[in-house]
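Student: Dropping the sequence and predicted coords here.
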Amino acid sequence: MLRRATATLKSTLSLHITKEGSGHNGYRFHRFTSGSPSQFQEKDRVCPKHKDTIIAFVLGGPGSGKGTQCEKIVETFGFKHLSAGDLLRKEMVSDSEYGSMILDTIKEGRIVPSAVTVKLILRELASGDSHKFLIDGFPRSEENRIAFERITGSEPNFVLFFDCPEEEMVKRVLSRNQGRIDDNIDTMKKRLKIFEALNLPVVDYYAKKGKLHKINAVGTEDEVFEQVRRVFAQVSTVT
Ligand SMILES: Nc1ncnc2c1ncn2[C@@H]1O[C@H](COP(=O)(O)OP(=O)(O)OP(=O)(O)O)[C@@H](O)[C@H]1O
Ligand SMILES: Nc1ccn([C@@H]2O[C@H](COP(=O)(O)O)[C@@H](O)[C@H]2O)c(=O)n1
Ligand SMILES: [Mg+2]
């Protein structure tokens, strides 16, 4: 039986969660009082996972096609799609106290502090009744990864990595035409540097853990999705 969430997420960088309760999908919330990821303690954990919860992280450089493929995965396999970038952009244009910080960070292609991003992701994990999640564009750094693992006490079931040459990513981003403030050559150059310095170590981490599924992101959307489909067929037999 799904129970109504009673957790409230207080809007602070230190991510206090003030009430105990449990989300529709079994995500549980505990009081926790820590600030930075390094201060999180065992007692602060937010969500022992519902036993059937499946979390897939979706990684890849800017413009590699993560969002495009996630839409296809949602249609075909019924996952809920959480894009960290979309959540941050939504927060940015809301009345949030973090709005201008998020705007500046995205313009510069840098990474928003994990406390903010994890809070937005947790809110989505706890809402609705889905228990299969694609978390797109997260973790973007070891700090993101460690914060998520410490706060939730859980790891992804598997990780997709869209591997795409830089020239192709640049071409795709510059012709995306969705009015994003970071779709320009200056920000793109910065994003590519951040991708190499901060995102790739996360990719390596999951490769070493045997959780990474590398997808060749070059080809038509359907060709790329055929590889994705094979990964889902493989993981559905082990998750
Ligand atoms: N296989 C493909 N071939 C050509 N263009 C593609 C392909 N997949 C996606 N695109 C296009 O490339 C652009 C970037 O794709 P998408 O937004 O899915 O990337 P992303 O990885 O989510 O990027 P970001 O990290 O910047 O959000 C879009 O305009 C999309 O339509
Ligand atoms: N974990 C994340 C994800 C994203 N950001 C910031 O948002 C920008 C856009 O993200 P997309 O996934 O939509 O490409 C990204 O360049 C970062 O500035 C973040 O900080 N942390
Ligand atoms: Mg995207």
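Tutor: Nice, I can see it. Ligands and ions are numbered 1, 2, ... in the order given.
Student: quick check: longest helix of this structure.
Tutor: When the chain is parsed with DSSP state H, its longest helix is helix 221-236.
Student: Check which helices and strands it sits against.
Tutor: Here helix 221-236 touches helix 66-77, strand 158-163, strand 212-216, going by 3 or more CB pairs under 8 Å, 6 or more residues apart in numbering; DSSP states H and E. Where C-beta positions appear, they are placed from N, C-alpha and C, glycine not excepted.
Student: which of the residues in the first one are buried?
Tutor: In other words, helix 66-77. Lys66, Gly67, Gln69, Cys70, Lys72, Ile73, Phe77 (16 or more other CB atoms under 10 Å).
Student: near ligand 2, anything from that helix?
Tutor: No. Taking CB under 6 Å from any ligand atom as the criterion, helix 66-77 and ligand 2 are apart, separated by no less than 6.9 Å.
Student: quick check: mean pLDDT across the helix or strand just after that helix?
Tutor: Under the assignment DSSP states H and E, the closest C-terminal helix or strand after helix 66-77 is strand 80-83. The average pLDDT within strand 80-83 is 98.
Student: Report all helices and strands that the following helix or strand past strand 80-83 contacts.
Tutor: Helices and strands here follow DSSP H and E; after strand 80-83, the next one along the chain is helix 84-93. Contacts defined by 3+ CB pairs under 8 Å, 6+ apart place helix 84-93 against helix 99-107, helix 114-126, strand 132-136.
Student: Could you dump those into a markdown table with mean neighbour count added?
Tutor: Putting the helices and strands packed on helix 84-93 into a markdown table (neighbours: other CB atoms under 10 Å) gives the following:
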| stretch | mean neighbour count |
| --- | --- |
| helix 99-107 | 16 |
| helix 114-126 | 22 |
| strand 132-136 | 22 |
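Student: Just put the ones you listed in CSV and tack on distance to ligand 2 and mean pLDDT.
Tutor: Shown next, in CSV, are the helices and strands packed on helix 84-93 (distance: least, CB to the nearest ligand atom, whole Å; pLDDT from 0 to 100):
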stretch, distance to ligand 2, mean pLDDT
helix 99-107, 4, 97
helix 114-126, 5, 94
strand 132-136, 7, 97
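Student: Asn177 is nearest to which of those?
Tutor: Closest to Asn177 of those, according to CB to CB: helix 99-107, at 17.5 Å.
Student: Perfect, I'm done here.
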